[in-house]
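J.: Coordinates for the following, if possible.
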Amino acid sequence: MSDQAGSGNEVGKVLGTQDATPLDFWVAINEDNYLQLDDVVGVQTTVPGAGRLTISGVVDMVRARHEGVTFDSDVFLADRGLLPVQTSRAAHVVSTRFEPELYVPPTPGDAVRRVAGLERDQALYFDTMEQRVVAGFARDGEPIYLDLEFIDGRRGAHVNISGVSGIATKTTYASFLLYSLFHSTVLGAEAANTKALIFNVKGEDLLFLDKPNARLTPQAREQYRWLGLPAGPFESVGLWAPVHRGSDVAMPDTGSRQRGVTAYFWTVLDVVRDGLLRFMFAEEGDERSQIADLVGRVEAQLQRHAEEIRDFPASVRLPDADGNPTVVHSFDDLCELIRVHVEQDGGSWRGPIATGTVNAFLRRLEGARFHCGHLIRGRDAADIEQHRVDWRANQVSVIDIHNLHDRAKRFVVGVVIKKLFEAKERSGQARPLVFLVLDELNKYAPREGWSPIKEVLLDIAERGRSLGVILVGAQQTASEVERRVVSNSAIRVVGRLDPAEAERAEYGFLSPTARQRAAILKPGSMLLQQPQIPVPLQITFPFPAWATRSSEVADEPESDPFARFGA
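T.: This is a model prediction of the structure:
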C-alpha cells in the first residue's frame, strides 16, 4: 500500500543546533527529501566504549524557516531575490526504542533514515506482539497493530474512544475493532466462543451488521485484503429490539429493519426477584440520597415476600397493605402495590423515610411506569425465554435502545450489563471473553454523582479484566466520564475533539502537537495511544464492509411487515 519515496534511505542528519537527548532529537531534512508527522525513522550512532546503538523514533513535529534573516518582512525581500537566505527544514523525533537498551542521545551529524518493513515493526514494537490485532492504517499506508495482551486482560484491558459526535465515527471504529478481532486469526480457537454485546444508542447504524455494504468500493476491498481481513458483514449477529408498546404479541419496535429481529422484555417476576427496580431510578444522584435508601428497602421487601406462581410464570404473589396475598400480573399493579406500602407511615417498606422523599420516589416511580412499563410483562407474557436477551447465542449481539426514552435506556443498559457481569462472576473464569460496547458512556458513568449503572460499570472497569469482560466505551467528552473508568483503559482512541476539551487532563497522553491535531482530524481519522508506543499515532480504517443503514444493504430490503415472524 505504501509508495513513500526514499523508504529506508537517508532523509537527513541529527541536528547540532538543538539539544539531542535520549528521549527526543531534531533532524535536519535533506533538500531532496521530506519527513511528515508519524514517519518512523532510525539512526545509528557510536557510543564510546559500548559500540553501535540503533535508536528508533516517530516524527511528531516538522518545521521550516529561513536562516540568515532578522525581521518578519525579510521574507518578501528573500522572495524577490534581494536577500540571500537559506531555507531550513527540520523534524522533531520522539524516541521509541533502543537496541541495545542504552539510553544515550544520537550524535549531531548522524544519518537518519526513514525505515520500513522489519525495521518499522521493531521501532513500533510490532515484532514483540505475539498476537497482533489490526487497528487500521498509519499515514504511510502500512498497517498499525494492537497487542492483544493489552486488550484481553493479560497485561491490560478496555478501550476508550473520545470525539465529537458525527465527526469522530466512534461507534464505527469500535465496530471495526470487533470485526478485526472476529474475522482474523488473532483469537485462534477462542474466536468461536468469544462474544460481543453492543448497545445501539443512536439511529439504526448497528442493525445491519449482518448485511454486506453495497457501497463498498474495489479500493476499500483492497484495503481489507492488505490488512488480512475479508471484506464482508459480521458472520454471526443477533439483533434485539424493545417490545412494541401496546402490542399483545411481542413484536420488536424497529424502523426499517424487520427480518431477523427479536423483541426483548422482562417480567414482573424478574423485576421483583432480581432487584431490577433500582435501574428505573438510575439518574445521576447522591450516593447518600434517601431515595436510593427507599429503593433498596422496597427491593428487599419485594424479594422477601415474593412467591412464584406455577400457572403464571411471569407474575408474582405479594402481600397487599393488609398483609393479604395478592397476585400481581402487571407492572402497573406492581407500582400500585408499592405505592400503597410506602405511603404507610412507619411501615417496614418505608421505614424512617420522610414524606417529601416518599413523594419524590413516587413521582419517579410514576415516570418509570410510563416510560419503562411496556418493557415489563406479566400475565400476557408468552414464550418468555425466547424474549430474554441471550448474548451467548451469537458472536455479536446488538441491543437496540435508540427509540426508547432516556429513563428506559438506562433501565435496559443497567439490567443487561448487570446480568452479563453476574454470569461471568458465577463462571469464575476469564475465558471466553465478552466485549461490551457502550456509547454515551458519560451518561451511564458520569464524573459526578452515583447511580446503580455507574456502580456496575466501575466494577467492570476495575475487575472486568480478571473476569474476561472488556469494556469498549465511547463518549464525546472523556472529561465528563468517571475517572476510574477512563484511567483503567489500556487503549485510548481520540477522534476530532473540541480544542477546549483537548486541553483537559484526561488527554494528558496527547502531546501538545497531538492536541492541536485532534482539533482538525477528518472523519475516519483517529489518534491511537497504546502502552508500548510513547507517542500517539494517527490512523485511518477502511470504509465499513457491513451496511450501516438500510440504503446500504446490498440485497433487497424486506417489505413484508410480518417477515419478522417468518423463518
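
J.: Helices along the stretch 251-400 of the chain, start to end?
T.: 268-273, 290-305, 331-342, 355-372 (DSSP state H, counting those that start in this stretch).

J.: right, and these - which one's nearest residue 419?
T.: With Cβ to Cβ as the criterion, residue 419 lies closest to helix 268-273 of the helices of the stretch 251-400 of the chain, at 9.6 Å. All C-beta spots, glycine's among them, are computed from the backbone N, C-alpha and C.

J.: Please identify the most buried of the helices of the stretch 251-400 of the chain.
T.: helix 268-273 (a mean of 22; mean count of other Cβ atoms under 10 Å).

J.: and that one, what other elements does it pack with?
T.: helix 290-305, strand 316-319, helix 331-342, strand 376-377 (3 or more Cβ pairs under 8 Å, 6 or more residues apart in numbering; DSSP states H and E).

J.: can these go into JSON lines with extra columns for mean pLDDT and distance to residue 409?
T.: JSON lines is the format used below for those (pLDDT from 0 to 100; distance: least, Cβ to Cβ, whole Å):
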{"stretch": "helix 290-305", "mean pLDDT": "90", "distance to residue 409": "18"}
{"stretch": "strand 316-319", "mean pLDDT": "92", "distance to residue 409": "25"}
{"stretch": "helix 331-342", "mean pLDDT": "93", "distance to residue 409": "17"}
{"stretch": "strand 376-377", "mean pLDDT": "92", "distance to residue 409": "15"}
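
J.: Dump these into JSON lines; add distance to residue 483 as well.
T.: Converted to JSON lines, the helices and strands packed on helix 268-273 look like this (distance: least, Cβ to Cβ, whole Å):
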{"stretch": "helix 290-305", "distance to residue 483": "22"}
{"stretch": "strand 316-319", "distance to residue 483": "40"}
{"stretch": "helix 331-342", "distance to residue 483": "35"}
{"stretch": "strand 376-377", "distance to residue 483": "34"}
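
J.: can you redo the helices of the stretch 251-400 of the chain as JSON lines with distance to residue 222?
T.: Shown next, in JSON lines, are the helices of the stretch 251-400 of the chain (distance: least, Cβ to Cβ, whole Å):
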{"stretch": "helix 268-273", "distance to residue 222": "49"}
{"stretch": "helix 290-305", "distance to residue 222": "55"}
{"stretch": "helix 331-342", "distance to residue 222": "53"}
{"stretch": "helix 355-372", "distance to residue 222": "47"}
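
J.: mind checking which of these is nearest residue 387?
T.: Among those, the nearest to residue 387 by Cβ to Cβ is helix 268-273 (11.1 Å).

J.: Can you dump the C-alpha atoms of the closest one in CSV for me?
T.: Output in CSV follows, covering the C-alpha atoms of helix 268-273 (Å, rounded to 0.1, in the frame of the first residue of the first chain):
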residue,chain,number,x,y,z
VAL,A,268,-42.8,-8.8,36.8
LEU,A,269,-41.1,-11.7,38.4
ASP,A,270,-37.8,-10.7,37.0
VAL,A,271,-38.1,-7.2,38.4
VAL,A,272,-39.0,-8.5,41.9
ARG,A,273,-36.7,-11.5,42.1
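
J.: if I look at residue 473, how far off is residue 523?
T.: Distance from residue 473 to residue 523, counting by Cβ to Cβ, to the nearest Å: 20 Å.

J.: More neighbours: the two, which one.
T.: residue 473 (28 against 15; other Cβ atoms under 10 Å).
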